[in-house]
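S.K.: Below are the sequence and a predicted model for it; my questions follow.
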Amino acid sequence: MRRSLIPQLAIYGFYLLVAVIITYPLIAHLSTEFVGFINGDGYEMAHHIWWFKYAIQTQQPLFFQPLSAYPNGLDGITLWSDPLQFFPAWLFAFVMPLASAANLADLLTLALNGWAMFYLARYLINSQSTIPVGAQRTAPLQADSSTRAGFKPAPTNRAITPALLAGLVFMLYPTMQGHLGAGHGGLIVQWPVPLYVYALLRLRERGGLRGILLASIFFFLSATGHSLQVIYVLMPITIVYGLLLIGQRDWIALRRAVIGVLIGAIVLGLFLLPVLRATIGTSAYTDAGGNVAYSDDLLSIVTPSFFNPLFSHLDFTRRVLGVNLNEGVAYIGIITAILSLIAVWKVKAARWWLALALVAWVLALGPLLKIFDQPVTYSVDGYVSYVTLPYALIANLPLINLERTPGRFGFALALALAALAGYGAAYLWAHVRASRAIKMTGLAILMLLIAFEYQVFWPLPTTPAIIPQPIADLSQDHSVRAIFDIPWENFNVEREELYLQTGHQRPLIAGHVTRGTPVSPAKLTLLESTLDPALLKSVGADVVILHRTEVSDGTLEALAKKQLGKPVYEDDLYAVFRTPATEAAPAFIAQSTTVTSLTDQADSYVYAPQDGWVTFQADLSGSQRSVDVLLDGQIAQRLTVDGTTSINLPLPVSADAFQTISLALDPACPAHFDPALECRSLAISNVKISYSAAPAVPSTAFEHGVTLARANLPATASAGQPLNVWLWWQFAQPLDQNDIRFVHVTDASGKLIAQQDNPLGSIKADEARADAVSVVLPADLPPGTYTVSAGWYTYPDITNFKVLSSGAGTLTLGTIEVGS
Amino acid sequence: MRLRHHLLVYLFYLAVTLMITYPLITVIGTRMIGHPFGDAYEYTHHIWWIKTALQTGQNPFFEPNIVYPDGANAVLLWSLPLQSFPAWLFLFVMPLPLAFNLSALLTLALNGWAMFFLARYLIRLHSQSDVGARYIVPLHTTAPALVAGLTFMLYPAFQGQLGAAHTGLLTLWPAPLYFYMLLRLRDVKHAPRTILAGGLLFMISLWGSELLLIYLLAPITALYFITILMARDGQTFRRALVTVILGALFSAPFIVPLAIDTLRMPPATGVVTYSGTLLGIVSPSFYHPLFSQWEYNRRVLGVDPFEQASYVGLIAALIALVALWKRRAARGWLLVALIAWVFSLGPLLKIYDEPLAVHMNGYATHITLPWALFQNLPLVSIARTTVRFNFAVGFAVAVLVGYGASVIFEWIGARRVGWIVLIIVMALIACDDQFWWPLPTIPGIVPAPIAALAQRSDIRAVLDVPYAFVVREAMFLQTAHHQNLITGQITRGTPADPVKVNLLQDTLDPALLDAAGVDIVIVHRDYDTKTQQLETFTRSKLGKPIYEDTQYAVFQVTPYHGAPLGFLTDVQGDTLYFYAPRAGSATLKGTFASDYQVQVTLDEVTLPNAQSSPIKFTAGYHAITISNDPSCPTNDDPVLTCPPLTVTGLGLTNYEASNGGS
């Protein structure tokens, strides 16, 4: 292969031209529109690109977002993991408008994808003529001498056109275009992948440190557009390649590949370590769900886009792709399919690519088989089931559970199909008896047809990149501490507010780095549902922006006008309110759940101006169902409901804190099941939350990981009446039925007057218990001062848990006065 | 090897058979192989019937003495001759239990010998091609083949079937011989003779059970063809294809009538019940003294250890690993074993005898397995017991063990210690694979007073109750009393009208009994578990029994001379059985409470307006069923439940015959 730069640049220029054409009319609005649908990630990407540039300009930390989740800011470490998602866009942003920078980066990336595949395909097709006789090895994924009789390897210069076609297939593959439409700028960074495969194949031939280094670098780079490419692309490619080497017993090549991949993986692991720490164990990532929604339909490989003018009238395309066009489009295309079949039939080396294509496709189908965008049900012997697929086996493995979009295995499918198409085209090139010009013309027509049938969008959807001037002008108003965008629990608003921030540059009450805001839903819900100026002021929300297109009726705007007065600016899209000044302090607010049938989780929210306790009351009815009461996600009580159970639980609240009290069914009802069945849900009624202020006392740690975090003891009590003590225990270690919690009342001489010693049941580490203790005082108890103490001991040996700070076996909670 | 050597090998396997079936040999003339829930009574009935039919000049393939008065088509006995042969031949000269047991024992030993024969050929083939000039000693071929034969004969999946007395299924010996013929196709000069033999053995392989075509023949034949295709051996491929086609043609006269008969029947259910569990291959029998104290094997094998037995055997697995490590030829057999094992797991993944219910991304589902793809294919759909793919696993494991043992004996060389090793290895395999200890047996003697009914000519038919549980036992009693049965079956279930039998059993109405021809009622006390409710009821209707012992109470039905049988109903839960002497209509009554829609069906046909307008029906027996619509699926997800359906006061009123009668 000639190593001159100019031909390569010409090839790149060709792909760039194609990129400009297929993204029409983007080129006409390069600086005023972003690539992608309004409900895509374009605004989020734009925000992060802006942030890189802004942070560099203002010398702020790149990987922390102080302007989100006001006043705490947000960990932005996930931006670290995907440098090619924002580069070179943020560099461009220094010299051009944000939209131009983002769009240009996308166009350049698309073209680079095409060029990289071209480079790999040219190598695959040419490999026979470039490897010296005697030095060549038979490589899987690579044309070899064992191709069927009659296949004549194309000379070097004759591989260009078939390789161009392969590059085009890869670059334009519908999965790629689908993500372009979703504004997934990072996911379309695919160019390192073909180069990684190229490096692996070269490594097989030659070995050497340089080869290993090259494989490692491209392994690493492949995951820098989006770290989950490790799963979607690197994993299937590497595993299939490794298995093929094992099958061929090519231990030398396997050893080289393992070394190259291991080095790349170690470097990538070190690079991603901070991100992994932030994401693993974060439910927003691990429990995100969506594996079924974002998987491919069985028919998607034969379903072109319904936005393509030629196929828009086909009804089945809409039924198959449904609302999952961005993630679920994986159309193979007629031309590509034919070329691939020729390759599989005639070129032995191509068959390994078929194996990769099959593996990637099956994984892309996700955990459940879908047809017409709905999971298929299968009935046997009265058992109704969905059809589970191999992906279900791996879906819950560590790391893999971070991903929720199996359809993205389509990227690996794209690579395999591009290689197959390249082989097929090369075979035709070698076997069609025609002049070079006719052959070139023929392949050019094929490329044109491929481009045409692959076209997912026409025109490409774009999103406005204009921020109203009055909103942008907020950047000059330093009296604005933070901005609260409503309705907060709205996918589009979550992204639009980020984009608006690139103009107003003021902190956001919500805000996020990826997927959704980590700010407490209690805070955002109570702020939005009350729009209480005192509460807004207390959290620093000096401006409220209502996103008018995202509210279904005028209720929220009416509330905003009532609470905040007239907007200071309004247009069709936004209404901007200033939070009126107020001297009032926010009061206790509680918003009880409105759920009446508990199938999963029902949340209630509270805000307390001072430390204290809330009592959470509810009546639950059901049959043999376990339910957890959680305070800010921590289990505070576990109970089994069989019949009707009333709960009345004291829970500690902190001053100026927004807290969530949840009822969670365990196990929760599945969202989808046979309609002939019903879920054993729980009926909830009479939910009440009341509040009483009480100062918080320092927490006390006991042995065995037990901590008394809060306690509430009345000052007085009456003889013959119950003494109600509220305790809030937290557990760092598991406890069992033989661990007994006690509350003792003693007189001045230390004599035990009354007690309640109970096990609190089986408790797992990191749980808590709201412990409402009622100790009945003797009816003949003389008036006086009595001491109340609490602690734990093990049964039956009666060994007290020591208080870590004092070494005592009991903790004095305080004294009570018993009147006459 | 000469014939006498083969005879010695056969006798060796026969001796092993006697040991593993202990204490059968001690009761061989009075008791029969199998658990009370097994098929021994059904099979012995058929054996008796063939012998009786031959003696009396009747058609052996139609049984007029069951499902009185219609009789039943017994084409199965034609299709599966080795299920009853040579037992019916033995029956001419010995008692029924002895004939049945002896036939089973001989078959088991023959299975071992046939695998020995195949394994020896495979090992010699390998030794000749791979070892080349190295000399072959008996220890290198005969000893490993002996181990392979033993492994096959004792494979737990087969022993499990033995416990259910599925002697037809255990007629496995033609399969190794069939495969041997396929292998011979590669190198014989006179191919037509081998092709003919292969075709015949293909046919004979299905004479024990036609389902062996799916569970055993198909997997091993597929392996053979793949191997030939990969070797690009066109000539052998063509020969093999002809052999299989010839085998299919030979089998057609036997299989086609059965297939037609089977396809007429409602779709088989129990595919999930009779599929293997994931842990089955590592679960030895809990009847084994060494493993009986474990808990997990009881949970895995559940209440049906007969079908669920699929333990691969620790010793066998270790020897198979040696084969995989050292013998390239063994690897194809691993593929067969793996694919067959995955198929044996059926359409839904089961762990601990229950399909695994999971919630996946909010979808309540089970884990579907590859067999779900094939389950509903024509003909394949009749195979409801996918766990029997373990037959192919057993076959493959036995071959693997043969290969592995040959490696081990090559390591040992020609030393005498090899024979000691052989004995130890076989003893370990026998111990590891042993499924029953003792082997379950059931009584093989019919009480004399019941047998004496054979002398009476005034009996039209016998009704055995509770009929749902005692059809097979009733058939066994018939081998002695020779009287017609109201029920009876050829296989799986009685073709008798369930409405008629339910009405007979639940009402013991004199007119109905008379109309049905019932002159004797036998209560099987072991199955009358509900505080002898059925016997008490029978006594109240029919008086004192004419004979009783701990197992049976025999009642004489008094001759009926009253009015002809009229309109009769019987409610059992959500189902109403009724008899209408003439076509007509009646009004459904009752209260049906459910959160869902309620569906009323007459003889499984939905009646849209059953509660608002009279139900029309023909003369005869009918069933009305009340159920939720949609009907409740099988559910083992504790989070989900079927909406309750409460049926009260179910009945039919205002019966009017079409011609105005009532």
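M.R.: Great, that's in hand. Numbering: from 1, shown residues only, chains lettered A, B, ... in the order given.

S.K.: mind checking the longest helix of chain A?
M.R.: For chain A, the longest helix by residue count, based on DSSP state H, is helix A:98-130.

S.K.: list the contacts for residue 332?
M.R.: Reading this off chain A. Neighbour list for A:Ile332: A:301-302, A:340, A:417 [criterion: Cβ atoms under 8 Å, 6 or more residues apart in numbering or on different chains]. (Glycine included, C-beta is placed from N, CA and C.)

S.K.: that answer is for a different chain, and I need it for chain B
M.R.: B:Gly332 sits next to B:223, B:226-227 when contact means Cβ under 8 Å, 6+ apart.

S.K.: Return the per-residue confidence for it.
M.R.: At B:Gly332, the model reports a pLDDT of 91.

S.K.: and it, which of the three is it?
M.R.: Using DSSP: H, G, I helix; E, B strand; the rest coil, the structure places B:Gly332 in helix.

S.K.: Look up how far B:Leu338 lies from it.
M.R.: Distance of B:Gly332 to B:Leu338, given as Cβ to Cβ, to the nearest Å: 11 Å.

S.K.: circling back to that earlier point, nearest to chain A among the contacts of B:Gly332?
M.R.: B:Ile226 (15.8 Å; Cβ to the nearest Cβ).

S.K.: How about that closest one: what's its closest non-neighbour residue?
M.R.: Distance criterion Cβ to Cβ, 6 or more residues apart in numbering or on different chains; nearest residue to B:Ile226, sequence neighbours excluded, is B:Gly332 at 7.2 Å.

S.K.: Kindly report the same for B:Val387.
M.R.: B:Gly276 (4.1 Å).

S.K.: How about B:Val501?
M.R.: B:Tyr467 (5.0 Å).

S.K.: Give the burial count for that neighbour, as a bare number.
M.R.: 21 (other Cβ atoms under 10 Å in any protein chain shown).

S.K.: now the chain, which segments are flagged as low pLDDT?
M.R.: By default, I'm working from chain A. Counting by pLDDT under 70, chain A contains low-confidence residues at A:1-3, A:128-157, A:278-289, A:820.

S.K.: The chain in question should be chain B.
M.R.: B:1, B:127-137, B:267-268, B:414, B:659-662.

S.K.: Could you find the residue nearest the spatial middle of it?
M.R.: For chain B, B:His166 is the residue whose C-alpha lies nearest the centre (Cα atoms, centre = their mean; 5.5 Å).

S.K.: Can you name the residues that contact that residue?
M.R.: Contact partners of B:His166, counting by Cβ under 8 Å, 6+ apart, are B:38-39, B:209, B:306.

S.K.: likewise A:Thr640?
M.R.: Here A:Thr640 is in contact with A:624-627 (Cβ under 8 Å, 6+ apart).

S.K.: which of those count as buried?
M.R.: Neighbour-count burial (16 or more other Cβ atoms under 10 Å in any protein chain shown) applied to those gives A:625, A:627.

S.K.: Identify those among the contacts of A:Thr640 that sit within strands.
M.R.: A:624-627 (DSSP state E).

S.K.: for those residues, which one is nearest A:Gly76?
M.R.: A:Val627 (36.8 Å; Cβ to Cβ).

S.K.: quick one: buried residues of whichever strand or helix holds A:Val267?
M.R.: In the assignment (DSSP states H and E), A:Val267 maps to helix A:251-279. Across helix A:251-279, burial judged by 16+ other Cβ under 10 Å covers A:253-254, A:256-257, A:259-261, A:263-265, A:268, A:271-272, A:275-276, A:278-279.

S.K.: how far out from the middle of the chain is it?
M.R.: Averaging C-alpha positions (Cα atoms, centre = their mean, to the nearest Å) puts helix A:251-279 22 Å from its chain's average.

S.K.: Check stretch A:791-798 too.
M.R.: 45 Å.

S.K.: Please apply the same query to stretch B:176-195.
M.R.: 31 Å.

S.K.: Same question for stretch A:591-608.
M.R.: 25 Å.

S.K.: Pull it out as PDB, backbone CA atoms only.
M.R.: What follows is stretch A:591-608, C-alpha atoms only, in PDB (Å, rounded to 0.1, in the frame of the first residue of the first chain):
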ATOM      1  CA  GLN A 591     -46.200  15.700  50.000                       C
ATOM      2  CA  SER A 592     -47.700  12.300  50.600                       C
ATOM      3  CA  THR A 593     -47.800   9.700  47.900                       C
ATOM      4  CA  THR A 594     -50.900   9.600  45.800                       C
ATOM      5  CA  VAL A 595     -50.400   6.000  44.900                       C
ATOM      6  CA  THR A 596     -53.200   3.800  46.100                       C
ATOM      7  CA  SER A 597     -52.100   0.500  44.700                       C
ATOM      8  CA  LEU A 598     -48.500  -0.300  45.400                       C
ATOM      9  CA  THR A 599     -46.900  -2.300  42.700                       C
ATOM     10  CA  ASP A 600     -43.300  -1.000  42.900                       C
ATOM     11  CA  GLN A 601     -42.500   2.000  45.000                       C
ATOM     12  CA  ALA A 602     -44.500   5.000  46.300                       C
ATOM     13  CA  ASP A 603     -42.600   8.100  47.300                       C
ATOM     14  CA  SER A 604     -43.600  10.800  49.800                       C
ATOM     15  CA  TYR A 605     -41.500  13.900  50.200                       C
ATOM     16  CA  VAL A 606     -40.800  16.100  53.200                       C
ATOM     17  CA  TYR A 607     -38.900  19.300  53.900                       C
ATOM     18  CA  ALA A 608     -38.200  20.200  57.500                       C
END
